[in-house]
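1. Give me coordinates for this.
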Amino acid sequence: MENVILIVHLILALCLIGVVLLQRSEGGGLGMGGGGGGVVSGRAAATALGKLTWFFAIAFICTSIVLTVIAARNSDGNSVLDRLGVDAPAVEETAPDGLGDNLLPPALGDAPALPPRAE
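-> Numbering: from 1, shown residues only. Okay, here's the model as predicted:
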């Protein structure tokens, strides 16, 4: 079932891309706005393409939500490594060069007093 929804989702994505690219540019955002005065009236085509765009967009969002719900249901709170059976490498916590266990800087109260400056 998940594979069928995924295939429908991909087809909807391609259809949505195609319908958006077929629409006439009205904004002219890059200075390449669609020129006016074509042989065919652009209003009826824009309305039909607009409705088709809305249909594909709503269907795309619905399949996205359904795929998310299916993925969440199948996850069972396990990580990917748990499902693969791969053990995570153990991290060794050793201090470099024998500095000891305390690698944090001393608190202000623990710091030794500074010797007076010779001027």
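2. Which strand or helix spans S25?
-> Secondary structure assigned from DSSP states H and E places S25 in neither a helix nor a strand.
3. That one: neighbour count?
-> For S25, the neighbour count with other Cβ atoms under 10 Å is 11. Heads up, the C-betas are built off the backbone N, CA and C, glycines and all.
4. now do I17
-> Counted by other Cβ under 10 Å, the residues lying close to I17 total 11.
5. and the gap between it and F60?
-> Look at I17 and F60: by Cβ to Cβ, to the nearest Å, they are 10 Å apart.
6. got any ranges where this protein has weak pLDDT?
-> With pLDDT under 70 as the threshold, the chain has low-confidence stretches at 27-46, 80, 83, 86-113, 119.
7. residue boundaries of the strands in it?
-> Secondary structure of the chain, counting by DSSP state E: no strands present.
8. how about the lengthiest helix in the chain: buried residues?
-> The residue-count maximum for a helix in the chain (DSSP state H) belongs to helix 42-75. When neighbours are counted by 16 or more other Cβ atoms under 10 Å, the buried residues of helix 42-75 are found to be L49, L52, T53, F56, A59, F60, T63, V66.
9. of those, closest to H9?
-> In terms of Cβ to Cβ, no member of the buried residues of helix 42-75 lies closer to H9 than T63, at 4.1 Å.
10. Cross-check the contact I'm expecting between that closest one and I5.
-> Yes: under the contact definition of Cβ atoms under 8 Å, T63 touches I5, with a separation of 5.7 Å.
11. so who does the nearest residue in space to V8 that is not next to it in sequence touch?
-> Distances taken as Cβ to Cβ, 6 or more residues apart in numbering place T63 nearest to V8, at 5.9 Å, with adjacent residues excluded. Contact criterion Cβ atoms under 8 Å, 6 or more residues apart in numbering gives I5, V8, H9, L12 as the residues in contact with T63.
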